[in-house]
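Asks: Task: produce atomic coordinates for the following.
(2 chains)
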Amino acid sequence: MRSRPWLLLLPGLLWLGAFFLLPLAIIAVVAVADRGAPVAWGFGWSAFGRLWDPLVVPVLWRSAWIAAAATLGCLAIGYPLSYFIVRRPKRSRRLWYFLVLIPLAANSLVLLYAWTTILRPAGLLENLAGRLGLLPEAGFGLLWSPPAIIIGLVYWYLPFMVYPVYASMERFDFRLLEAAADLGAGVRTSVVRVLWPQTLPGVVTGCLLVYMQTFCSFVVPDLLGGAKTLMVGNLIQQRFLSLPQDWPLGAALALAVVAALAVVVWISMRVQSRLEG
Amino acid sequence: MVPAVELTGVGKELGGQKVVRGVDLSIREGEFFSLLGPSGCGKTTTLRLIAGFETPDEGAIRIRGRGPGRRPAFAREVNLVFQNYALFPHMTVWANVAFGLEMERRPKEEIRREVEAILALVRLEGLEGRYPRQLSGGQQQRVALARALVTDPAVVLLDEPLGALDLKLRKDMQIELKALQRRTGVTFIYVTHDQEEALAMSDRIAVMHEGRVLQVGTPEEIYERPQTRFVAHFIGETNLLEGRLRPGGNGVVEVESDGLAFAVGGGGRSSGDEQVILTVRPEHLVVGRRLNGGLENRFAGEVVASAYHGSERMVHVRIGNGVVLRSRVPNGSAELPDPGDAVEVGWPAAAARLVSPD
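Replies: Residues are numbered from 1 along each chain as shown, chains lettered A, B, ... in the order given. Next up is the predicted model:
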């Protein structure tokens, strides 16, 4: 039998062609069209010019830093959590890991509504803080603010950090920590100089997965951010669906996001290959 | 003189099993000391106890006369060479070796000098910039040694460090390790299940079995004068015969086994009528069509097998009542019997020993 390895590519190509490349092409066509009701077919770069609009730039900037903060939050929780899980005996490890994945299995919309009841003014959190005498008079004002979005994003995307970090820790030879201790290293030195550098590939992958998804997240800022704290996903949606409609700007924004994230992917791949030497 | 390492009545339970029981050891300064035994005998746990990775349930461990208290592994003057070296894969040879000195916060200039000196000692000059994965097994082994030696510890512990190497390299590294230990004068405690390795390298050996130390002695003592059945059987090859003790004459005792009487050199236990085990090494057995007189033990038998081992031949001889004895015959000896030949097999009483049934 003759082998035709490219046949293995066919399903993937068809799928990507139909549901990624084709829509992307349509978006590109919309992006170079003119504003109309909702769009006037034509050719021009004006929509890309509107990316620098004072109403657009702060949203892009906010998306970038909120995504970065959420990524750091996921790392700050996910890294020690992964370490904890990987040091459990083999049997309970699977259970812990399963527990981390549970939020993915539940309906995320319901979970996010639950967060609004916790974070809203006079909600669960402020109530609790009030009883402990820790609540400032004006309240925390958490809901409909960037911190609420970050909390929701960390909550939702934590498993995407834990998975690659846990995988890299599972491959780590924990005798190296014993070796470091044997040579006089304390716990902190061992982690910083031995564990961290060797789990860095997992960390980079985790950060990439979380950053890409949080940057264009749409549901979380919609529910927890309110009307004032838009992220780029919300802005794109509005330009397509709410007044004043501007399809070319929405499409140009979408393309800009794809391009920006492609750059992020490229950089992290460079970092990865350097790490793996 | 204060022993480098002293264990008194050390016991340790792991996973509900007593893996180390009542171990007493006194290891001298500058000694090459081996813990020898089959897998699961407790030797590695004993090593980890000395390293401080485990704490004993019973007994005490003293390093140069000082108890460890609750101090962690690094506070002791003990460094471990791990079974698979446990080199830091993301660090160069230089950084691996310098790690321990950096932890001690030595001055930069001193670190440079010490690392250079130790790399020269283990013959790794020129490889400072390499990463562990770019090194051969033998070179990795030497990096691990350099890393353990560079901080000038009182004791270096080695956990089957040659296990991952192939036979030829193993033999070379045995000689190199021994020479290195001699040159540095550092006390080595070496864990191995390979009796040949232990015999070839050690000043003294402790044979361990089921968590206990059965015998401590020089390689010669362990091999020539085993005290227990296990030691005789585990170290080298031997013939074991069970029998009943009988008083004999001329400072010789006799063991009656399966209707045959075996003479055993004097000393040892000689109260009559008890079950004993007799051991005699194959190299002490002589086989021939007709043996000269002068051997206290001489039996007629038949050759049942003869296996070629290069420098020697192992001849299996069945004597009366079906007992099969093995005799090591150097190649080049005049007559080499074939299977089926009627022969005589014999040995001097002094070559045989009585051992306890442990």
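Asks: Backbone dihedrals for A:Arg87, both of them.
Replies: phi -90, psi 0 (degrees, to the nearest 10).
Asks: Can you give me the distance of it to A:Leu99?
Replies: 15 Å (C-beta to C-beta, to the nearest Å). Yep, even glycine has a C-beta here, placed from its N, CA and C like the rest.
Asks: How about B:Phe32?
Replies: Distance from B:Phe32 to A:Leu99, counting by C-beta to C-beta: 51 Å.
Asks: So which of the two has more stuff around it?
Replies: Legend: neighbour count by other C-beta atoms under 10 Å in any protein chain shown for B:Phe32 and A:Leu99, higher for B:Phe32 (21 against 10).
Asks: Specify the beta-bridge partners of the more buried one.
Replies: B:Phe188 (DSSP bridges).
Asks: residues touching it, list them.
Replies: By C-beta atoms under 8 Å, 6 or more residues apart in numbering or on different chains, the contact set of B:Phe32 is B:Lys178, B:Gln181, B:Phe188, B:Tyr190, B:Met201, B:Ser202, B:Asp203, B:Arg204.
Asks: again, only this time at 6 Å
Replies: By C-beta atoms under 6 Å, 6 or more residues apart in numbering or on different chains, the residues touching B:Phe32 are B:Gln181, B:Phe188, B:Ser202, B:Asp203.
Asks: and the residue in the stretch 101-250 of chain B that chain A sits nearest to, how many neighbours?
Replies: Nearest to chain A, among the residues of the stretch 101-250 of chain B, is B:Met103, at 3.4 Å (C-beta to the nearest C-beta). Close neighbours of B:Met103, defined as other C-beta under 10 Å, add up to 20.
Asks: wait, what's in contact with it?
Replies: Contacts of B:Met103 by C-beta under 6 Å, 6+ apart are A:Leu183, A:Gly184, A:Ala185.
Asks: need these in CSV with secondary structure and neighbour count, can you?
Replies: Below are these laid out as CSV (DSSP: H, G, I helix; E, B strand; the rest coil; neighbours: other C-beta atoms under 10 Å in any protein chain shown):
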residue, secondary structure, neighbour count
A:Leu183, coil, 26
A:Gly184, coil, 20
A:Ala185, coil, 21
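Asks: is it possible to export the residues you listed to TSV including pLDDT and distance to B:Arg313?
Replies: TSV is the format used below for these (pLDDT from 0 to 100; distance: C-beta to C-beta, whole Å):
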residue	pLDDT	distance to B:Arg313
A:Leu183	91	50
A:Gly184	88	54
A:Ala185	89	55
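Asks: Which of those residues sits closest to A:Ala106?
Replies: A:Ala106 lies nearest to A:Ala185 out of the contacts of B:Met103, by C-beta to C-beta, at 41.4 Å.
Asks: Setting the sequence-adjacent residues aside, check what's closest to the closest one.
Replies: Once flanking residues are discounted, A:Ala185 sits nearest to B:Met103: 5.2 Å by C-beta to C-beta, 6 or more residues apart in numbering or on different chains.
Asks: Now the one you found, what are its backbone angles?
Replies: phi -60, psi -30.
Asks: Any figure for the gap between it and A:Ala181?
Replies: 10 Å.
Asks: what do you get for A:Gly139?
Replies: Counting by C-beta to C-beta, the gap from A:Gly139 to A:Ala181 is 47 Å.
Asks: higher neighbour count, these two?
Replies: Using other C-beta under 10 Å as the criterion, A:Gly139 and A:Ala181 rank with A:Ala181 on top: 22 against 16.
Asks: Am I right that that one is in a strand?
Replies: No: under the criterion used here (DSSP: H, G, I helix; E, B strand; the rest coil), A:Ala181 is helix, not part of a strand.
Asks: Which pLDDT does the model give it?
Replies: Reported pLDDT at A:Ala181 in the predicted model: 90.
Asks: do the one 5 residues further on as well
Replies: Each residue has a pLDDT score; the one for A:Gly186 is 88.
Asks: and it, backbone torsions?
Replies: phi -80, psi 180.
Asks: Now do the helix or strand of chain A with the lowest mean pLDDT: distance to the chain's middle.
Replies: Among the helical and strand segments of chain A, the one scoring lowest on mean pLDDT, DSSP states H and E is strand A:39-40, with a mean of 82. Centre-to-centre, strand A:39-40 and its host chain are 33 Å apart (C-alpha atoms, centre = their mean, to the nearest Å).
Asks: Identify the residues contacting it?
Replies: A:Ala33, A:Asp34, A:Trp247.
Asks: May I have the strands that pair with it, each with its orientation?
Replies: strand A:34-35 (antiparallel).
Asks: what's in contact with the strand it pairs with?
Replies: Contacts of strand A:34-35 (C-beta under 6 Å, 6+ apart): A:Ala40, A:Gly42, A:Asp246.
Asks: Select from those the one having the most neighbours.
Replies: A:Asp246 leads the contacts of strand A:34-35 on contacts (other C-beta under 10 Å) with 20 neighbours.
Asks: Isn't that one up against A:Arg239?
Replies: Yes: A:Asp246 is within contact range of A:Arg239, at 4.6 Å (criterion: C-beta atoms under 6 Å).
Asks: Which residues of chain B lie near chain A?
Replies: B:Ala73, B:Phe74, B:Leu80, B:Phe82, B:Ala86, B:Phe88, B:His90, B:Phe99, B:Gly100, B:Met103, B:Glu104 (C-beta under 6 Å from any C-beta of the partner chain).
Asks: Mind checking which of the residues you listed are in strands?
Replies: B:Leu80 (DSSP state E).
Asks: possible to save the residues of chain B next to chain A as JSON lines with pLDDT?
Replies: Listed next are the residues of chain B next to chain A as JSON lines, based on pLDDT from 0 to 100:
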{"residue": "B:Ala73", "pLDDT": "53"}
{"residue": "B:Phe74", "pLDDT": "50"}
{"residue": "B:Leu80", "pLDDT": "93"}
{"residue": "B:Phe82", "pLDDT": "92"}
{"residue": "B:Ala86", "pLDDT": "94"}
{"residue": "B:Phe88", "pLDDT": "96"}
{"residue": "B:His90", "pLDDT": "93"}
{"residue": "B:Phe99", "pLDDT": "96"}
{"residue": "B:Gly100", "pLDDT": "93"}
{"residue": "B:Met103", "pLDDT": "92"}
{"residue": "B:Glu104", "pLDDT": "89"}
